[in-house]
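> sequence-free structure coming up:
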């Protein structure tokens, strides 16, 4: 077995981990949910739950990784008591990462496609429905969608075919630094548009009237959901990076920095979207239609809109691709650890499987558009439902119970691992909160996610 890979620098670890957390949801969900739930009121609840729920569970995933120096399955095996079965969850983590990428690679391909479309002038002179039809035309074209998905998958596994330091860390560092510069430039540009101030007020000023209209309970649940799902916890996507970490820094401090970068991108995404939409009197929407229909209408009306549209989709491509490469690393490392494969072989086998398994999502919008699975959802939404509503919250609950219960790793061993190194540390007084209150909060998310929306 080869010696364990590791990050060359602390910055590399932080940027790769943040790259895993920062994804499409930061841009097409966070701003809209914030605006709909009272702006600053929602943000305050979101930050509260990020600190009290998201950061602790991230620390637990990282602690299992760093404490074991293994990926999900063997990580549990190294730390669990003899004869216990916690490691079975590790296989669900691998399956969850694979399922997540089966549709995420398609959506990442959409971002790349739109970057090419803006760059080559596809939207020049288009208005209204013609802009919408560019998206519908792409969905209806299985060859175009498959081509961009294949490019995404091949590029992702190419990055992961080298060592963590030479491949994933080197590429993600460049992408994330470029992403942070791009999002800052785009936000500053949006804030300078005429009428931008109204958009900022709607987005970030606390509006208790709007929050009460939605119901304060709904706002709280929405904030809890967003703070939890934004970090992609529960399927070991963070655990693997813990296994490459040094013992120099304490885990709570590193988790706060990762969550901070994730939140910075989420909030700045809204500062791109709301001022621009208010400036051009376009109603911001949620989901794919925001990115692929609403924003292109804003860009085509802007001076130098083609340039700004191209830059926005470079940013979106980097945001989605950083998640792709991070989760692919989990798959590659998981097969290396469990089956004793070399990195090259693991990358090739996973690449071939991913290309095949990503096709149903691509075909679900055209050739197989008549197929509806869970609750009448299409293929992409069904895959997303299993990952987001079941595997993430249930997985996070299992990691939590493993770290704090006497049947698992145990609170004292977990605390010693997470507090090793310099920086912010968890107090032993948090034991009651971690054991009894946090599991109930995650259970609320799990149950809420499985109740059909009215």
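Arrived safely. Quick caveat: nothing in here was measured; it's all calculated off a predicted structure. Residues are numbered from 1 along each chain as shown.

> any idea which helix is longest in this protein?
Counting residues, the longest helix found in the chain (DSSP state H) is helix 305-339.

> Spell out the residue ranges of the helices in the stretch 1-150 of the chain.
For the stretch 1-150 of the chain, the helices defined by DSSP state H, counting those that start in this stretch occupy 10-21, 24-28, 30-36, 40-49, 55-68, 72-79, 88-119, 128-139, 142-160.

> Can you give me the separation between residue 448 and residue 389?
9 Å (CB to CB, to the nearest Å). Heads up, the C-betas are built off the backbone N, CA and C, glycines and all.

> For the two, indicate the residue with more neighbours.
residue 389 (18 against 15; other CB atoms under 10 Å).

> Okay, strands next: where are they in the stretch 151-300 of the chain?
Assigned strands in the stretch 151-300 of the chain: none (criterion: DSSP state E, counting those that start in this stretch).

> picking up where we left off before, please identify the most buried of the helices of the stretch 1-150 of the chain.
Highest mean neighbour count of the helices of the stretch 1-150 of the chain: helix 55-68, a mean of 26 (counted as mean count of other CB atoms under 10 Å).

> could you give the angle of that helix to helix 40-49?
Helix 55-68 runs at 30 degrees relative to helix 40-49, counting by axes from the mean of the first three to the mean of the last three CA atoms, to 10 degrees.

> Nearest to residue 245 among the helices of the stretch 1-150 of the chain would be which one?
Among the helices of the stretch 1-150 of the chain, the nearest to residue 245 by CB to CB is helix 55-68 (4.9 Å).

> Please point out which parts of stretch 189-201 sit buried.
Using 16 or more other CB atoms under 10 Å as the test for burial, stretch 189-201 gives 189, 190, 191, 193, 196, 199, 200.

> Output those residues as TSV; include the columns distance to residue 254.
Formatted as TSV, the buried residues of stretch 189-201 follow (distance: CB to CB, whole Å):
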residue	distance to residue 254
189	32
190	31
191	31
193	37
196	35
199	34
200	31
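
> Adding mean pLDDT and distance to residue 210, write the helices of the stretch 1-150 of the chain out as CSV.
CSV is the format used below for these (pLDDT from 0 to 100; distance: least, CB to CB, whole Å):
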stretch, mean pLDDT, distance to residue 210
helix 10-21, 92, 28
helix 24-28, 85, 20
helix 30-36, 86, 8
helix 40-49, 93, 8
helix 55-68, 96, 28
helix 72-79, 95, 41
helix 88-119, 96, 29
helix 128-139, 94, 28
helix 142-160, 97, 37
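
> In CSV, list those along with distance to residue 240.
Output for those, formatted as CSV (distance: least, CB to CB, whole Å):
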stretch, distance to residue 240
helix 10-21, 9
helix 24-28, 20
helix 30-36, 25
helix 40-49, 25
helix 55-68, 6
helix 72-79, 7
helix 88-119, 9
helix 128-139, 33
helix 142-160, 11
